[in-house]
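> Have a look; sequence and predicted model below, questions after that.
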Amino acid sequence: MNSVEWFIGLKILHIGALIFWLGPSLGAWFMLMALRQREGEFTPATHLAYKVFIQMLILEHVAFVCLLASGIAMAALVFGFAQPWLQWKLLIILLVIIPLEIADIWYGNIKLPQIFAQLNAQGYDKLSSARLHIYHEYVTRAAIVAIPVSVLAIMWLVIAKPNIISLWQ
């Protein structure tokens, strides 16, 4: 395979990973929020929706790792890290997206499954309820605002490749 074929393959993987990073878990989250409002937090239907949501989060986080890996590979093989637009893109990813994803991975893949393993007829214990509240009120709300803005900024940087000042000058 030559470098053009590698680049095309990496770009397809990168765009596909972007779609799987943003799409399924966002759709599952909207479904979960609607069901929580309609049915309440402690119903069998909501419990099942949480299980599906957690599975979508796993898909999201695997896609995010693929997104990062394919992006780093493209940067290393094709662009080089000296491109100013790429430096700004990486800065947004490092300062905004990765911290949100770490929080999402912590809650979505570690804490939420623990919470739903403890679910009983009365609901959750106080600590589980507090963790669930933190996840819904802070992590997901921050992500719903910060990720679309960040993704749009990154898309503008990638498409326009503006002649902006390098971070390392």
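On my side now, so go ahead. Everything numeric in this text was worked out from a predicted model, so none of it was measured.

> Please, which helix or strand holds Ser27?
Quick fix: residue 27 reads Gly, not Ser. Here Gly27, judged by DSSP states H and E, is contained in helix 3-39.

> which one is Val158 nearest to, not counting chain neighbours?
Lys89 (6.7 Å; C-beta to C-beta, 6 or more residues apart in numbering). Glycine gets a C-beta too; all of them are placed from N, C-alpha and C.

> before we move on, back to that, please compute how far the helix holding Gly27 lies from its chain's middle.
How far helix 3-39 lies from its chain's middle: 8 Å, per C-alpha atoms, centre = their mean, to the nearest Å.

> I figured the residue nearest to Val158 hits Leu157, correct?
Yes - Lys89 lies in contact with Leu157 (C-beta atoms under 8 Å); the separation is 4.9 Å.

> okay, and the helix or strand of this structure with the least pLDDT?
helix 126-134 (a mean of 78; mean pLDDT, DSSP states H and E).

> Which positions in that helix come out as buried?
Neighbour counts over helix 126-134 (16 or more other C-beta atoms under 10 Å) mark 128, 131-132 as buried.

> and Glu41, that one's in a helix?
No - per DSSP: H, G, I helix; E, B strand; the rest coil, Glu41 lies outside any helix segment and is coil.

> Begin at 41 from now on, thanks
Done: numbering now begins at 41, and the last item shifts to Glu81.

> For burial, what's the neighbour tally of it?
16 (other C-beta atoms under 10 Å).

> Leu50 too?
Count around Leu50 with other C-beta under 10 Å applied: 19.

> In the helix or strand where Leu88 lies, which residues are buried?
If you go by DSSP H and E, Leu88 is part of helix 84-114. Across helix 84-114, burial judged by 16+ other C-beta under 10 Å covers 86, 89-90, 93-94, 96-97, 100-101, 103-104, 106-108, 110-111, 113-114.

> Next up, the contacts around the residue nearest to Val198.
194, 197-198 (C-beta atoms under 8 Å, 6 or more residues apart in numbering).

> Inside helices: which ones of those residues?
194, 197-198 (DSSP state H).

> Quick one: buried ones out of the residues you listed?
Here, 16+ other C-beta under 10 Å leaves 194, 197 buried among these.

> export the ones in helices among the contacts of Lys129 to a markdown table and tack on distance to Gly148 and pLDDT?
Output for the ones in helices among the contacts of Lys129, formatted as a markdown table (distance: C-beta to C-beta, whole Å; pLDDT from 0 to 100):
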| residue | distance to Gly148 | pLDDT |
| --- | --- | --- |
| Ile194 | 22 | 96 |
| Leu197 | 28 | 94 |
| Val198 | 27 | 91 |
